[in-house]
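Enquirer: any chance you could fold what I've pasted below:
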Amino acid sequence: MNKSIRKRFGLLVLVSLAVMVSACTNNNDVTSSAGSEAQAEAEAKIVEAQPLQLKSFQSTSELSGTLAPIEETTVSFEVAGEIKSMPYKEGDAIKKGDVLARLHSADYSLQLALANANVHGASAQLSKVKNGAREQEVQQAKVAVEAKKISRDQAQKDYQRMEQLFKNGAISETEFENAKHAFELTEKDYATAQETHSLVIEGARTEDISATNASYQGATVTRDQAAATLAKTEVKAPIQGTVLAKLADVGKLASPGAPVYRIGNIQQLKTVLPVPDKDISSWKVGDEVEIRLYEEKRKGKVTNIYPATNEQTGTISVEVVIDNTKKDWFAGQVVTAKRTLSQKKGIFVPAEAVFSRGSEPYVFLLTDGKAIKTTVTIGRYVDNHFEVTVGLKEGDMLIRKGADRLLNGDAVTLKGGNQP
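Expert: Numbers count the residues shown, from 1 in each chain. Got it, this is the predicted structure:
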């Protein structure tokens, strides 16, 4: 009884072992088959690819510049003095010719008054010389001649009488010499009176007139200089615009040439753009340029292209003018200028699909189920895409995603299982 049970139990164990061995064998076959498929799938890496096409793109130039008034200048006094008034402040609008500041001018006014007096005196003297003596002066000169003649005649008679007495021994030699000397003096006075009378009648000589005229002209020049100096105690606006900065104060001493105001025309602003010399042929006077200040855009116009290249930067300065009638853009702000230079077609690839080993950029192309490493030459960078100028052609299948895991010749499959 016990033996029979033991035999049956042993048979069951053997059968169970056989079943287990068979099951294990079948499982190993299944696992081996699944592993081969997984390995094959792992070897063919999944990627995304796209056919390359020629795309149109615009070649643009984007540059930065600083805004400045279209016209700007500083104003200063030409003479020294204490500042009396400065009525304008920053932001005030001014017109050309407005008086911006004044100096105390009392000393300069006195100099002008003195110069005017000298001119009047010189003018009167010149008129006198040119017009000759008045009738009263002629008559006075004539009377003087007659008086001197009478004195001379009387002195002559006295001299002749004294001479006879001296010869007769009636007077001393001293008395005779005194009479002689008195006669000689009256003779000279008479001659002088005659000469004066002649000059009064004949008028001044040409030389005298010229000398007097020169004195008058000199006085006039001095007067004009004094007037000009007095006028310089006021500073006037040389242009129409806006006060940008007040650089002095009332009561301070102003030195010649020291700025007291900085003014400018800000109804138009300008910026100077540093254009690379290779692009300068695309810029012309009169061209429109898009100018951006933060989120606001305006149109600017090229007004000047400088004639020389900056040796340090290799750029050529281009001046662009922007309307600013609202005066809501300000000098000193930095703007961005954007301008389309040209439009053409080319091959563009996403930046994420381009790799580099050293200085040689490359991409992967999908060819017959394999990833083929292809060296390329890169051109412009536009909207997160690189222009490829050499190495690719229209229709090539570019691996655009998954390429970062690839080596040259790797087997690949497209995401979704479709091969080209």
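Enquirer: how many other residues sit next to residue 246?
Expert: 17 (other Cβ atoms under 10 Å). (Glycine included, C-beta is placed from N, CA and C.)
Enquirer: now do stretch 242-262, average pLDDT.
Expert: For stretch 242-262, mean pLDDT is 96.
Enquirer: do stretch 349-362 as well
Expert: On average, stretch 349-362 scores 90.
Enquirer: buried residues in that stretch, which are they?
Expert: Neighbour counts over stretch 349-362 (16 or more other Cβ atoms under 10 Å) mark 349, 353-354, 361-362 as buried.
Enquirer: any chance you could map the helices in this structure?
Expert: Secondary structure of the chain (DSSP state H): helices at 2-43, 106-131, 135-168, 173-202, 206-231.
Enquirer: which of these comes out lowest on mean pLDDT?
Expert: Looking at the helices of the chain, the lowest mean pLDDT belongs to helix 2-43 (a mean of 39).
Enquirer: show me the beta-bridge partners of the nearest residue to residue 62 once chain neighbours are set aside.
Expert: Closest residue to residue 62 apart from its sequence neighbours, by Cβ to Cβ, 6 or more residues apart in numbering: residue 338 at 4.9 Å. Note on residue 338: beta-bridge partners by DSSP bridges are residue 62, residue 290.
Enquirer: shouldn't residue 338 be in contact with residue 298?
Expert: No: checked against Cβ atoms under 8 Å, the pair residue 338 and residue 298 is beyond contact range at 11.6 Å.
Enquirer: residue 48 contacts residue 402, doesn't it?
Expert: Yes: proximity of residue 48 to residue 402 meets the contact threshold set by Cβ under 8 Å, at 6.2 Å.
Enquirer: shared neighbours of these two, anything?
Expert: Residues touching both residue 48 and residue 402 (Cβ atoms under 8 Å, 6 or more residues apart in numbering) are residue 415.
Enquirer: and the residue nearest to residue 62, how close does it get to residue 67?
Expert: As judged by Cβ to Cβ, to the nearest Å, residue 338 and residue 67 stand 16 Å apart.
Enquirer: so for those two, which residue has more residues nearby?
Expert: Using other Cβ under 10 Å as the criterion, residue 338 and residue 67 rank with residue 67 on top: 19 against 13.
Enquirer: contacts only, for the residue nearest to residue 391 when sequence neighbours are not counted.
Expert: Leaving out its chain neighbours, the residue that sits closest to residue 391 by Cβ to Cβ, 6+ apart is residue 376, at 3.5 Å. Contacts were defined as Cβ under 8 Å, 6+ apart; by that measure residue 376 touches 354, 361-363, 388, 390-392.
Enquirer: go with 6 Å
Expert: Neighbouring residues of residue 376 by Cβ atoms under 6 Å, 6 or more residues apart in numbering: 361, 363, 388, 391.
Enquirer: now do the phi/psi pair for the closest residue to residue 82 other than its chain neighbours.
Expert: Using Cβ to Cβ, 6+ apart and skipping residues adjacent in sequence, the residue nearest residue 82 is residue 104, 4.9 Å away. Backbone torsions for residue 104, taken as degrees, to the nearest 10, come to phi -60, psi 130.
Enquirer: on that earlier part again, separation between the residue nearest to residue 391 and residue 310?
Expert: 34 Å.
Enquirer: got it, and residue 45?
Expert: Distance of residue 45 to residue 310, given as Cβ to Cβ: 51 Å.
Enquirer: the more surrounded of the two?
Expert: Neighbours around residue 45 and residue 310, counted as other Cβ under 10 Å, are more numerous at residue 45. The numbers are 17 against 12.
Enquirer: who does the more buried one bridge with?
Expert: Counting by DSSP bridges, residue 45 is bridged to residue 412.
Enquirer: quick one: it and residue 412 touch, right?
Expert: Yes: assessed by Cβ atoms under 6 Å, residue 45 is found in contact with residue 412 at 5.1 Å.
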